[in-house]
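1. This is the structure alone, sequence omitted:
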């Protein structure tokens, strides 16, 4: 892995800015496989740049513009990405363990198979993000926006830290399943009040309790109906005599 000196890195960033400005002297940044461990890239403009498989361990990318950048397989362990713009970025398989993504924009980002264990995603924008197969254990998603994102339903999402907003959102989706199993309906009815705290309930609809009709209830209803009908039969028999 090639280490990029700070002076050379500054030149790459300068030429990339010219490329983004459609200047004929500009060159699109290609830092694929580069060693940028601990690099200071605060506020750097690397939109649409190639950083695939780059080593950005502990790098400072606070406020950096990485919109549409290719960070596939990149090592961003302990990286500072506070307030960074990663909208539409490709982070497939990237390592973001302990990364600080507070307030980062990850809208429509591809995080498929990414490792976000213990990452800080508070106040992050994850609208439309692809989290399929992402490892989220102990990641902090409090106050994050997860609308339209793909939440991973596997053990890698156990222990995710969320706030009431996200918890209610997930509860609402659970309660909107079409399942007639009595055990599910009981569990659903137990949390439906909390699920209705979903921040988009006015748009999606208020949930109601579902009546439980299981075999025992149905049999009890039949027995009750028979018992109610029996006196009428006795009276009818007495009249006939």
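-> Good, I have the coordinates. Note that this is a predicted model, so its numbers are computed, not measured.
2. Going by C-alpha atoms from here, please, whenever you check contacts or count neighbours.
-> Fine.
3. how about the helices in the chain?
-> 6-20, 164-175, 182-195, 201-204, 215-240 (DSSP state H).
4. where among the ones you listed is the average confidence lowest?
-> Across these, helix 215-240 has the smallest mean pLDDT, namely a mean of 56.
5. per-domain residue ranges of this protein.
-> 1-162, 212-241 (automatic domain parsing).
6. What's the end-to-end length of the longest one?
-> It stands for domain 1-162. Across its full length, domain 1-162 reaches 37 Å between end residues, using Cα to Cα, to the nearest Å.
7. Please state the offset of that domain from the chain centre?
-> Between the centre of domain 1-162 and the centre of its chain there are 15 Å (Cα atoms, centre = their mean, to the nearest Å).
8. Same list (the domains of the chain) but as JSON lines, adding mean neighbour count and distance to residue 187.
-> As requested, the domains of the chain are exported to JSON lines (neighbours: other Cα atoms under 10 Å; distance: least, Cα to Cα, whole Å):
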{"stretch": "domain 1-162", "mean neighbour count": "21", "distance to residue 187": "19"}
{"stretch": "domain 212-241", "mean neighbour count": "11", "distance to residue 187": "11"}
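9. Of these, which is nearest residue 200?
-> With distances scored as Cα to Cα, the stretch of the domains of the chain nearest to residue 200 is domain 1-162 (9.6 Å).
10. ok, back up a step: and the domains of the chain, which one averages the lowest pLDDT?
-> Looking at those, the lowest mean pLDDT belongs to domain 212-241 (a mean of 58).
11. residues in contact with stretch 69-79?
-> Outside stretch 69-79, the residues that touch it by Cα atoms under 8 Å, 6 or more residues apart in numbering are 46-61, 86, 88-100.
12. Can you give me the first-to-last residue distance of that stretch?
-> Across its full length, stretch 69-79 reaches 16 Å end to end, with Cα to Cα as the criterion.
13. Stretch 59-78 too?
-> Using Cα to Cα, the distance between the terminal residues of stretch 59-78 is 8 Å.
14. Kindly report the same for stretch 31-42.
-> In terms of Cα to Cα, the two terminal residues of stretch 31-42 are separated by 16 Å.
15. again, but for stretch 185-203
-> Between the opening and closing residues of stretch 185-203 there is a gap of 23 Å (Cα to Cα).
16. Residue 133 is in contact with residue 110, isn't it?
-> No - counting by Cα atoms under 8 Å, residue 133 sits too far from residue 110 to count as a contact (11.0 Å).
17. Got the phi and psi for the closest residue to residue 88 other than its chain neighbours?
-> Computed as Cα to Cα, 6 or more residues apart in numbering, the closest residue to residue 88 that is not its neighbour in sequence is residue 109, at 4.2 Å. In terms of degrees, to the nearest 10, the main-chain angles of residue 109 are phi -70, psi 150.
18. quick one, what contacts residue 109?
-> With contact taken as Cα under 8 Å, 6+ apart, residue 109 is in contact with 86, 87, 88, 89, 90, 91, 126, 128, 129, 130.
19. Export those residues to CSV and append columns for distance to residue 165.
-> Written out in CSV, the entries for those read as follows (distance: Cα to Cα, whole Å):
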residue, distance to residue 165
86, 23
87, 22
88, 24
89, 26
90, 27
91, 26
126, 14
128, 17
129, 18
130, 20
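20. Fine by me, we can end here.
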